[in-house]
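[1] turn this into a structure:
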Amino acid sequence: MADKYVYSESFKQHVVSEIESGKFSSFNAARKAYDIGGSKTISEWVKKYGKEHLLPRTITVTKADEKSEVKKLRKRVKELERAFMYASLITDRYSRKIVGAYLGDTLESIGCQEALKQALKQLPSGANVIHHSDRGCQYCCHDYIEMLNNCNVKVSMTEKYHCYENAVAERVNGILKDEYNLDACFKTKEQALKSFNQAIMLYNTRRPHLGLNYATPEEVHNGEKEGCIIPPLGLLKKAA
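    From the prediction side, this is the model:
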């Protein structure tokens with residue numbers, strides 16, 4: 001029986017955005033490029049996340065007030081399309097601290113590069129570091145890889161777009177969305193940025209982690225407390 005993969009929401013949206021940008025000539029081409037199972041999987045993603053499915057392709061109106069209403073709706077849709085904000089994060093695996101964070105209004109690599117700059121500035125001299133990510137184009141582009149190579153940082157990427165292969169990043173994303181409500185709708189970009197920065201600060205300095213023996217990421221990262229890395233489940237069973 002073939003493995004059933006679980007894809008993250010961000011990956012689904014990323015695939016749909018690439019299809020709509022014209023990168024792939026068909027759904028099947030995108031499915032083969034990312035080794036996505038199921039012949040109808042991508043079409044279902046497009047129906048849910050694609051811009052073309054938000055409104056009917058053709059709207060027929062006859063009355064003056066209907067034309068005015070449609071004009072307002074189209075204007076509002078354009079405003080909403082410009083209102084999405086995208087978070088780029090770099091997390092230290094040992095301390096769980098978010099060492100790089102940037103919030104922007106585009107999925108282009110510039111946001112990830114800004115977060116990476118913050119993280120690289122904090123590296124001690126001679127540090128032996130591995131950078132792990134999924135295979136998003138933001139992390140595969142020449143500029144991003146060049147930044148890593150210039151700092152002698154080893155590059156590691158997931159084999160497939162499976163959430164378990166990048167579990168730490170998915171966990172941090174879930175905490176920020178579920179516990180700090182960063183997946184909410186904000187009235188302004190300024191409000192979203194303020195909430196984003198506040199969530200990062202609270203996560204790093206106030207939230208204790210079971211995997212860190214109930215220390216905060218900031219305490220472990222600064223060496224004030226020693227983190228407790230939880231062993232694999234198999235070792236726990238043997239110890240019991």
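
[2] C-alpha from now on. contacts and neighbour counts both.
    Noted.

[3] is it fair to say residue 100 lies in a strand?
    Yes. When classified by DSSP: H, G, I helix; E, B strand; the rest coil, residue 100 is found to be part of a strand.

[4] how close does the closest residue to residue 170 other than its chain neighbours get to residue 29?
    Nearest non-adjacent residue to residue 170, counting by C-alpha to C-alpha, 6 or more residues apart in numbering: residue 163, 6.7 Å away. Distance, residue 163 to residue 29, by C-alpha to C-alpha, to the nearest Å: 22 Å.

[5] and the protein, split by domain according to the record?
    Using automatic domain parsing, the domains assigned to the chain come out as 9-59, 86-234.

[6] coming back round to it: correct me, but the residue nearest to residue 170 touches residue 171?
    No. If you go by C-alpha atoms under 8 Å, residue 163 and residue 171 don't touch, sitting 9.5 Å apart.

[7] more neighbours: which of those two?
    A direct count of neighbours by other C-alpha atoms under 10 Å for residue 163 and residue 171 places residue 163 higher, at 19 against 13.

[8] check contacts around that one.
    6-8, 170 (C-alpha atoms under 8 Å, 6 or more residues apart in numbering).

[9] lowest-pLDDT helix or strand in the protein?
    helix 233-239 (a mean of 43; mean pLDDT, DSSP states H and E).

[10] local confidence estimate at the nearest residue to residue 20 once chain neighbours are set aside?
    Spatial nearest neighbour of residue 20, excluding adjacent residues (C-alpha to C-alpha, 6+ apart): residue 50 at 7.6 Å. The model reports residue 50 with a pLDDT of 77.

[11] ok, now which ones touch residue 50?
    Per C-alpha under 8 Å, 6+ apart, neighbours of residue 50: 16-17, 20.

[12] residue 101: which of those residues is nearest?
    residue 17 (22.6 Å; C-alpha to C-alpha).

[13] can you list the buried residues in the helix or strand containing that closest one?
    Using DSSP states H and E, residue 17 sits in helix 9-20. Buried residues in helix 9-20, counting neighbours by 16 or more other C-alpha atoms under 10 Å, are found at 11-13, 15-17, 19.

[14] count of neighbours near the closest residue to residue 129 other than its chain neighbours?
    Among residues not flanking residue 129 along the chain, residue 153 sits closest, at 5.4 Å (C-alpha to C-alpha, 6+ apart). Neighbourhood size, residue 153 [other C-alpha under 10 Å]: 17.

[15] same question, residue 71
    With other C-alpha under 10 Å as criterion, residue 71 counts 11.

[16] quick one: it from residue 50, how far?
    Counting by C-alpha to C-alpha, the gap from residue 71 to residue 50 is 21 Å.

[17] strands along this structure, start to end?
    Taking DSSP state E as the criterion, the chain carries its strands at 86-91, 98-104, 130-133, 154-157.
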